[in-house]
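Enquirer: pasting a predicted model and its sequence here:
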Amino acid sequence: MIGDDEARSGLPSGVSSYYASLACTRDPYADPVAAQFMPRDEELVSLPYETRDPIGDERYRVCARVIHHYRDRILILANDRCATYCRHCFRRHFTAHSTGRITQAEVREAAAYVAEHPECREALISGGDPLMLPDEHLDFLLRALRDARGDLILRLATRMPVVQPSRITTETAAMLGSYAPLWAVIQTNHPREITPDFGRAVGLLVNNGIPVLNQAVLLRGVNDDADTLEALMRGLVQCRVKPYYLFQGDLASGTSHFRTTIDEGLALMAELRKRLTGIAVPTYAVDLPGGAGKVPLTEATVVRHEPQWYVLRDLDGNEHRYPREERRERG
Ligand code: SF4
């Protein structure tokens, strides 16, 4: 169901019946799933440093659907629609505000761009959600990119396994798998989103040779406690999904009620590192405002340098010395 709520927030409201069924709507603002799709009055509050394009996509737009920000990769905005509109969406300048599906002419333009730019090694296909395109349309896009560059890494950003897992059919997964190397990046934010349907959808992708990574967003009232994040990361690894990033909230208009402080995020990461195996620990990161790029957020492990030692901090805050050895020539 889609209801146009743009006057309130600049982003339409809409949720798939599947994702709505995961929520407890008795007190939606206290529910970690409902909070992700129910518009609320706080969205009307835009702070002076918030914008509708917080990571600066538009500065790097090189043709109708292509953003070339980082030297070795491009972003292709394949579609502006989503099965569920996340209230914390950072791409709200584009999501549901562009011209819908990428056209065949725009696909050819994007393919020509990657053919002419060998420094570009990877194409991130995003939107909106590219899996809102019919399979034939997505197949046309992937075929054009693969024909342009056999060596191109393809990365599909989609929330479908979370908000509408039935979209991942056997046929869709096989079609995507035929374009290897193709990676999928999903966004799962709460352990309640890890259902049997979710497991089946990501399992189909993995079984078709598609590695699946998760980019969670740290959201106040949704997952800003260590028990929830631990359960989320463990559930993902159980489904063969690698926790990749945990993003600090972007400075998108009307999303301040979702943001934690960076200090809170660092404390949560310190706790997760104590509790979790390394493969379940994501990188905590932030996209710097205005397009300055993505940086990891860490408590520095190297506390200081002494003449003969590095002083390193362990997970409990204790300091340890590690030798500053002279560089020795091998041989
Ligand atoms: S699925 Fe992605 S693009 Fe769509 S509303 Fe959610 S965060 Fe934004």
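Expert: Great, that's in hand. Numbering: from 1, shown residues only.
Enquirer: which SSE is the residue nearest the centre of the chain in?
Expert: By C-alpha atoms, centre = their mean, the chain has its centre lying nearest to residue 215, at 3.8 Å. For residue 215, the host element (DSSP states H and E) is strand 212-217.
Enquirer: for residue 266, same thing?
Expert: helix 262-275.
Enquirer: give me the buried positions along whatever helix or strand comes next after the strand holding residue 215.
Expert: As assigned by DSSP H and E, the chain's next helix or strand after strand 212-217 is helix 226-238. Residues 226, 228, 229, 230, 232, 233, 234, 235, 236, 237 are the ones in helix 226-238 that count as buried (16 or more other C-beta atoms under 10 Å). Every residue, glycine included, has its C-beta placed from N, CA and C.
Enquirer: now helix 226-238 - C-alpha only, CSV.
Expert: Extracted in CSV, the C-alpha atoms of helix 226-238 (Å, rounded to 0.1, in the frame of the first residue of the first chain):
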residue,chain,number,x,y,z
ALA,A,226,24.0,-4.2,22.3
ASP,A,227,21.6,-7.1,22.8
THR,A,228,19.7,-6.2,19.6
LEU,A,229,22.8,-5.7,17.5
GLU,A,230,24.3,-8.9,18.8
ALA,A,231,21.2,-10.9,17.9
LEU,A,232,21.0,-9.2,14.4
MET,A,233,24.7,-9.9,13.6
ARG,A,234,24.4,-13.5,14.8
GLY,A,235,21.2,-14.1,12.8
LEU,A,236,22.8,-12.7,9.6
VAL,A,237,25.8,-15.0,9.9
GLN,A,238,23.5,-17.9,10.5
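Enquirer: by how many degrees do that helix and strand 212-217 diverge?
Expert: Orientation check (axes from the mean of the first three to the mean of the last three C-alpha atoms, to 10 degrees): helix 226-238 against strand 212-217 gives 160 degrees.
Enquirer: could I get the average pLDDT for helix 226-238?
Expert: Averaged across helix 226-238, the pLDDT comes to 98.
Enquirer: now what about that helix, what contacts it?
Expert: Outside helix 226-238, the residues that touch it by C-beta atoms under 8 Å, 6 or more residues apart in numbering are 32, 188-191, 194, 214, 216, 222-223, 242-243, 246, 268, 271-272, 275-277, 279-282.
Enquirer: stretch 66-74 now?
Expert: Residues from elsewhere that reach stretch 66-74, judged by C-beta under 8 Å, 6+ apart: 56-57, 59-62, 75-77, 109-110, 113-114, 117, 119-124, 153, 291, 293.
Enquirer: quick one: distance of that stretch to the chain centre.
Expert: Between the centre of stretch 66-74 and the centre of its chain there are 16 Å (C-alpha atoms, centre = their mean, to the nearest Å).
Enquirer: list the buried ones in that stretch?
Expert: 66, 67, 68, 69, 73, 74.
Enquirer: pick out the lowest-pLDDT one from those.
Expert: On pLDDT alone, residue 69 ranks lowest of the buried residues of stretch 66-74, at 91.
Enquirer: secondary structure element for that one?
Expert: Going by DSSP H and E, residue 69 is not in any helix or strand.
Enquirer: and it, how far is that from the ligand?
Expert: Per C-beta to the nearest ligand atom, to the nearest Å, residue 69 is found 17 Å from the ligand.
Enquirer: at the contact with the ligand, which residues of the stretch 51-200 of the chain appear?
Expert: Residues of the stretch 51-200 of the chain found near the ligand (C-beta under 6 Å from any ligand atom) are 82, 85, 86, 89, 91, 95, 127, 128, 129, 159.
Enquirer: in this model residue 37 seems to touch the third one, though I could be wrong.
Expert: Yes. Shown here, residue 86 and residue 37 form a contact pair, counting by C-beta atoms under 8 Å, at 6.9 Å.
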